[in-house]
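> Next input, structure requested:
(chains A and B)
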2 protein chains.
Amino acid sequence: MMRTYLDCIPCFFKQALEAARMAGAGKKVQKKVLNELAGILPDFSLASSPPEIGRVIYGLVKRITKKDDPYAEIKKKSNKLALNIYDKLKKKVSHSDDRLLMAVELAIAGNIIDYGVKNSLNIDAEMARILDEEDKAIKKENKSIFDYERFRSALKRAKTILYLADNAGETVFDRILIEEIKRADRDKRIVYAVKEKPVINDALAEDAYVCGIDKLAEVVSSGSDAPGTILSLCSREFLAMYRKADMVISKGQGNFEALSGAKRQIFFLFMAKCPVIAKDVGCKLGEVILSLNRKA
Amino acid sequence: MMRTYLDCIPCFFKQALEAARMAGAGKKVQKKVLNELAGILPDFSLASSPPEIGRVIYGLVKRITKKDDPYAEIKKKSNKLALNIYDKLKKKVSHSDDRLLMAVELAIAGNIIDYGVKNSLNIDAEMARILDEEDKAIKKENKSIFDYERFRSALKRAKTILYLADNAGETVFDRILIEEIKRADRDKRIVYAVKEKPVINDALAEDAYVCGIDKLAEVVSSGSDAPGTILSLCSREFLAMYRKADMVISKGQGNFEALSGAKRQIFFLFMAKCPVIAKDVGCKLGEVILSLNRKA
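Predicted structure coming up:
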């Protein structure tokens, strides 16, 4: 588990403001959100992980704005945008020398899609940049932040895989990777875990269905509404799967923040989207990461 | 006067954290600063200008960290760095077709020096980029954000000029511009106004002396310790000069934020360093601005 840094605090205010705006709140309500966040700030323990605090903040935004799902529109758009480029992504995989590697790269790069939707980025150009960066990272053979070999061999052995989803839209990129895993061995059992209730733009069961994950994997809920898999908040069913799965693939920063200190082995696939994470991991901002918490 | 936007609030926390670190505070004291800022946040009126709130925040940081001048080191380094490139800057001016224009451009570009010192930027490269951008802006003849013609003709007529300083280090770039003004007419009286007490890295009288401004202009204090010229906080002496000066040249964002709605004509020279200012002015982030609040 990653602790919360003091640098996260200004960012919490930024995120709360953004979420209030997403919820369609007027300026007065936006200010009320910031004031209430300020009111609970002294109670935050920096020993908590960012997703623990994030959960409290998004709960506060939902309560004050009276909107249960401020990011509903963004999630729909992200799914649509990603589905639109699905064929292109598949072609990238089929034209690749190492199909699995390309699928892994795409699954990580898909983490950018929410940002693209919000900021009207050219997703194609952005993806090209990320994949190029990733190639460089692999060429550097920097195994501490991109340990593809270990990922591939763990995947080969695993019969049951728990796949922890991150954002809506990114689910399409997850589907590409899951399709590759199934292509190599259709008997592997894959469980795709989404959030129980809306939090930021995190994928829910409906996003997994819209993006076609359910045709390949069992879609389950973590039982929690934290923007990251905080085990103490997860359902008993989820925890049973978490314990018995041969392999856990964790997507996104939030899951990394919540699980980096976990007792079992987890493969973390994410982009380092903020300077604090980049510093914690020891990588550059925007770099793609495939790391594991313990080797055994 | 520019009002405070909700987007300024996360940034206030960021600035407070940075200032606490500059003051050498440990993590506990840094957290205390953020908690106390959170405590007073609900009292902030968004009708206040950012420098009004900034003054309160830096006062709070000084009180809690028990450091009167957290940015003392940064200011010294900025002065030194700028003095080191003084000869180079002078050459740029003497090799230019329009010496005054180049001096104006440099005076605005000098606004970047604190950022360069803090982030170990290559100042030469950064300055080159800024000057290039500025050329483009001028070529566009976008007079609403770079009205050099009006500046030049006002300067020609003015006998007494009040020059409102911004940061330490930038003072050397101000000197370049003041030298050009004096070169065209040595009888012009120039009054260079600095802050009364330390606030962020704003220039004080000692910075003006170290950078050699006193050989060209009268160095006076605004009488205030706000990071921007808030007239209601200025000394009677300063206000008398402010009223009777033929021309007021105002440097930096803080002075713009405090004075953009002023009743008298003011020429604002600054770089749009934050997205909120850029949006308010109607320019791009990082763009250089030479604008005036009223034509008369």
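
> right, and A:Pro70 touches A:Lys62 too?
Yes: contact status for A:Pro70 versus A:Lys62: in contact at 7.2 Å, counting by CB atoms under 8 Å. Placement of C-beta: from N, CA and C, glycine included.

> what residues are shared contacts of the two?
Shared contacts of A:Pro70 and A:Lys62, defined by CB atoms under 8 Å, 6 or more residues apart in numbering or on different chains, comprise A:Ala23, A:Pro198.

> For the two, indicate the residue with more neighbours.
It is A:Pro70, of A:Pro70 and A:Lys62, that has more neighbours when counted by other CB atoms under 10 Å in any protein chain shown, with 23 against 20.

> right, and the secondary structure at that one would be what?
With DSSP: H, G, I helix; E, B strand; the rest coil as the basis, A:Pro70 sits in coil.

> and it, what is it in contact with?
A:Pro70 sits next to A:Ala19, A:Ala20, A:Met22, A:Ala23, A:Gly24, A:Val61, A:Lys62, A:Pro198 when contact means CB under 8 Å, 6+ apart.

> ok, and of these, which contact chain B?
Applying CB under 8 Å from any CB of the partner chain, the subset of those adjacent to chain B is empty.

> Name only those of these that count as buried.
Buried residues within those, counting neighbours by 16 or more other CB atoms under 10 Å in any protein chain shown: A:Ala19, A:Ala20, A:Met22, A:Ala23, A:Val61, A:Lys62, A:Pro198.

> burial count for the single nearest residue of the stretch 151-296 of chain A relative to chain B?
Closest residue of the stretch 151-296 of chain A to chain B, CB to the nearest CB: A:Pro275 (11.6 Å). By the measure other CB under 10 Å, the count of residues near A:Pro275 is 13.

> ok, now A:Asp87?
Neighbour tally, A:Asp87, other CB under 10 Å: 9.

> What distance do you get for it to A:Glu105?
Distance, A:Asp87 to A:Glu105, by CB to CB, to the nearest Å: 17 Å.

> Over to A:Leu259?
Distance from A:Leu259 to A:Glu105, counting by CB to CB: 22 Å.

> Give me the pLDDT value at the residue nearest to A:Ser221 when sequence neighbours are not counted.
Using CB to CB, 6 or more residues apart in numbering or on different chains and skipping the chain neighbours, the partner closest in space to A:Ser221 is A:Glu196 (4.5 Å). On the pLDDT scale, A:Glu196 is placed at 97.

> Okay, and the beta partners of the residue nearest to A:Leu292 when sequence neighbours are not counted?
Ranked by CB to CB, 6+ apart and with sequence neighbours excluded, the top spatial neighbour of A:Leu292 is A:Phe267, at 5.2 Å. Counting by DSSP bridges, A:Phe267 forms beta bridges with A:Ile249, A:Leu292.

> A:Phe267 contacts A:Phe151, correct?
Yes: when contacts are counted by CB under 8 Å, A:Phe267 is listed as touching A:Phe151 (5.5 Å).

> shared neighbours of those two, anything?
Common contact partners of A:Phe267 and A:Phe151 (CB under 8 Å, 6+ apart): A:Leu290, A:Leu292.

> Buried ones in the helix or strand hosting A:Ile57, by neighbour count?
Using DSSP states H and E, A:Ile57 sits within helix A:50-65. Under the neighbour-count criterion of 16+ other CB under 10 Å, helix A:50-65 has A:50-58, A:60-62, A:64-65 buried.

> doesn't A:Val219 make contact with A:Tyr209?
Yes: counting by CB under 8 Å, A:Tyr209 touches A:Val219, with 6.9 Å between them.

> A:Lys159: what's its closest spatial neighbour, skipping adjacent residues?
Nearest residue to A:Lys159, sequence neighbours excluded (CB to CB, 6+ apart): A:Asp246, at 5.5 Å.

> Let me know whether that neighbour touches A:Leu155 as I believe.
No: taking contacts as CB under 8 Å, A:Asp246 lies outside contact range of A:Leu155: 9.4 Å.

> next structured bit after the worst-scoring helix or strand of chain A on mean pLDDT?
Sorting the helices and strands of chain A by mean pLDDT, DSSP states H and E puts helix A:123-139 at the bottom, at a mean of 65. Scanning forward in sequence from helix A:123-139 by DSSP H and E, the next helix or strand is helix A:148-157.

> what sits up against that next one?
By CB under 8 Å, 6+ apart, the list of residues contacting helix A:148-157 from outside reads A:100-101, A:104, A:138, A:143, A:161, A:181, A:246-247, A:265, A:267, A:290, A:292, A:295.

> can you give me the mean pLDDT across that helix?
Mean predicted lDDT for helix A:148-157 stands at 96.

> do stretch A:83-103 as well
In the prediction, stretch A:83-103 has an average pLDDT of 94.

> mind listing what's buried in it?
A:Leu83, A:Ile85, A:Leu89, A:Lys92, A:Val93, A:Arg99, A:Leu100, A:Leu101, A:Met102, A:Ala103.

> ok so, going back, what's the closest of the buried ones among the contacts of A:Pro70 to chain B?
Nearest to chain B, judged by CB to the nearest CB, of these is A:Ala20 at 8.8 Å.

> Assumed that closest one was part of a strand.
No: going by three-state DSSP, the assignment for A:Ala20 is helix, not a strand.

> domains for chain A, by residue range?
The record's domain parsing of chain A by automatic domain parsing lists A:8-65, A:72-292.

> By mean pLDDT, show me the worst of those domains.
Among the domains of chain A, domain A:72-292 carries the lowest mean pLDDT (a mean of 91).

> near chain B, which residues of chain A show up?
A:6-7, A:9-11, A:13-14, A:17, A:27, A:30-31, A:34-35, A:37-39, A:41-42, A:46.

> now do 10 Å
Residues of chain A that fall close to chain B, judged by CB under 10 Å from any CB of the partner chain: A:5-7, A:9-18, A:20-21, A:27, A:30-44, A:46.

> and the buried residues of stretch A:83-103, which two are the farthest apart?
Of all pairs drawn from those, the greatest distance, 23.2 Å, lies between A:Leu83 and A:Leu101 (CB to CB).

> Please name the nearest non-neighbouring residue to A:Gly19.
Gly isn't right for residue A:19; it's Ala. In space, A:Ala19 is closest to A:Val61, 4.4 Å off (CB to CB, 6+ apart).

> tell me the contacts of that neighbour?
Shown in contact with A:Val61 (CB atoms under 10 Å, 6 or more residues apart in numbering or on different chains): A:15-23, A:25, A:29-30, A:33, A:36-37, A:67, A:70, A:199-200.
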